[in-house]
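Asks: how does the following fold in three dimensions:
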Amino acid sequence: MLELAILGFLYDASLHGYELRKRIAALTGHVKPVAEGSLYPAIKRLESAGLLARETRPGSGAAPRHVLSLTAHGREELRHRLAEPAESDITDENRWFTVLAFLRHLGEPAGQAAVLERRLAFLQQPASFFYAGDRPLCAEEIEDPFRRGVLTIARATSRTELAWLRETIGSLRGA
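Replies: Below you'll find the model as predicted:
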């Protein structure tokens, strides 16, 4: 998720590490804050793989800034990761939002629709946070008002996402 966010933000513009960290935190920080101890090693891995380039530019103060940009190989890698997201990128809501935030960079409507269709198929499977044996429970079957609240909120969110997915897939398939 972190590497995808780095590639995605750098696809649009070259950024120095601090600005990149702020943008990633705005996208994912409420779920998983971005620590320097994870961001900078990820940047180094991507740079070593030839996906990022680093350029030193004069800073506004005394210290120079290292500005990161995506290489052509980095752009290809981002599009590949978006076209073929891992199963966990489809099923985990936080990872899904990261994919969704950059899916426009895939460029081709058919490919974008295919990714959305994977999420749609996942959301259409019977599931719950609570089970009676192997059977998923719905909100109406739960007496605990707090657990019922979890399921009620999740249902509303899922319905909204399903409607958006169907509309967007239709639009992309019609393009």
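Asks: for the chain, which residue is closest to the average position?
Replies: The centroid of the chain falls nearest to Thr98 when counting by CA atoms, centre = their mean (1.1 Å).
Asks: name the helix or strand for it, please.
Replies: helix 93-102 (DSSP states H and E).
Asks: other residues contacting that helix?
Replies: Helix 93-102 is contacted by residues 1, 4-5, 7-8, 11, 27-28, 31-32, 78, 82, 85, 88-90, 115, 119 when judged by CB atoms under 8 Å, 6 or more residues apart in numbering. Glycine gets a C-beta too; all of them are placed from N, C-alpha and C.
Asks: now a PyMOL select for only the buried ones of these.
Replies: Selecting only the buried entries of the contacts of helix 93-102 in PyMOL, with 16 or more other CB atoms under 10 Å as the criterion:
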select buried, resi 1+4+5+7+8+11+27+28+78+82+85+89+90+115+119
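Asks: okay, and which of the contacts of helix 93-102 map to helices?
Replies: 4-5, 7-8, 11, 27-28, 78, 82, 88-90, 115, 119 (DSSP state H).
Asks: format these as JSON lines; extra columns: distance to Ala42 and pLDDT.
Replies: As requested, these are exported to JSON lines (distance: CB to CB, whole Å; pLDDT from 0 to 100):
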{"residue": "Leu4", "distance to Ala42": "10", "pLDDT": "94"}
{"residue": "Ala5", "distance to Ala42": "9", "pLDDT": "94"}
{"residue": "Leu7", "distance to Ala42": "10", "pLDDT": "97"}
{"residue": "Gly8", "distance to Ala42": "13", "pLDDT": "96"}
{"residue": "Tyr11", "distance to Ala42": "16", "pLDDT": "96"}
{"residue": "Leu27", "distance to Ala42": "14", "pLDDT": "89"}
{"residue": "Thr28", "distance to Ala42": "13", "pLDDT": "79"}
{"residue": "Leu78", "distance to Ala42": "14", "pLDDT": "97"}
{"residue": "Leu82", "distance to Ala42": "17", "pLDDT": "97"}
{"residue": "Ser88", "distance to Ala42": "17", "pLDDT": "95"}
{"residue": "Asp89", "distance to Ala42": "16", "pLDDT": "96"}
{"residue": "Ile90", "distance to Ala42": "21", "pLDDT": "97"}
{"residue": "Val115", "distance to Ala42": "23", "pLDDT": "98"}
{"residue": "Arg119", "distance to Ala42": "25", "pLDDT": "98"}
